[in-house]
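show me how the following folds:
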Amino acid sequence: MTTYRCPVCGRTFNTRWKLDKHLGKVHGGESEAKPRFEAKHTTSSLDYRRTREAIEEAVRKVLPDIIEEVLRETLPKMLEAKAFKEKVMEQELKVEGGVFTTKKVKVHPNVIMLYEYVQAHGGNTSFNEFVNEAILEHFTECLGIEPAIVRKRTK
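All right, here's what the predicted structure looks like:
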């Protein structure tokens, strides 16, 4: 808040009008006093709003570049850290001819990342179902066998 000091007696006043009134009544003259604390800058609310909007616009323009740069730097590290995440599952398969085989399946980290990607984009299958489909595709496409996955074996 700006205060005004009387140059004659040193009293302070909140408004210039009160200082002028004091000088006229007590000292018999008009005020030539300067404010005790001058505002360094005065901005209207319109100027403030325009400044804020300009800053927001500048941030909107720069933000995608910053995000892209951060992702470019951190994404390889994140993928490298996830590459060591593996799961071992035991599956029971029924192959053509009624033969049951139980095999421990080591799930590759890329399958885990693909599953997480599918889940993030609205997939609602469980991890076991997702792995079972991957195994079915592997047997069908690579080996030419059509297995039917019966259940996950639990001990």
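
could you pull out the helices in this protein for me?
16-22, 45-82, 109-120, 127-138 (DSSP state H).

which of the residues in the shortest one are buried?
Right, helix 16-22. 19-20, 22 (16 or more other C-beta atoms under 10 Å). All C-beta spots, glycine's among them, are computed from the backbone N, C-alpha and C.

quick one on the thing from earlier: as a markdown table, the helices of the chain with distance to residue 9 and mean pLDDT would be great.
Output for the helices of the chain, formatted as a markdown table (distance: least, C-beta to C-beta, whole Å; pLDDT from 0 to 100):
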| stretch | distance to residue 9 | mean pLDDT |
| --- | --- | --- |
| helix 16-22 | 8 | 83 |
| helix 45-82 | 37 | 74 |
| helix 109-120 | 75 | 76 |
| helix 127-138 | 85 | 72 |
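
between these, which gets nearest to residue 4?
Comparison of those against residue 4 by C-beta to C-beta identifies helix 16-22 as nearest, at 4.3 Å.

who are the packing partners of the closest one?
If contacts are counted by 3 or more C-beta pairs under 8 Å, 6 or more residues apart in numbering; DSSP states H and E, helix 16-22 sits against strand 4-5.

now render the helices of the chain as JSON lines, adding distance to residue 7.
Shown next, in JSON lines, are the helices of the chain (distance: least, C-beta to C-beta, whole Å):
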{"stretch": "helix 16-22", "distance to residue 7": "9"}
{"stretch": "helix 45-82", "distance to residue 7": "33"}
{"stretch": "helix 109-120", "distance to residue 7": "72"}
{"stretch": "helix 127-138", "distance to residue 7": "83"}
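
closest one to residue 59 out of the buried residues of helix 16-22, please.
residue 19 (44.3 Å).

how many neighbours does the residue lying closest to residue 133 once chain neighbours are set aside have?
In space, and not counting its chain neighbours, residue 133 is closest to residue 125: 7.8 Å by C-beta to C-beta, 6 or more residues apart in numbering. Counted with other C-beta atoms under 10 Å, residues neighbouring residue 125 total 13.
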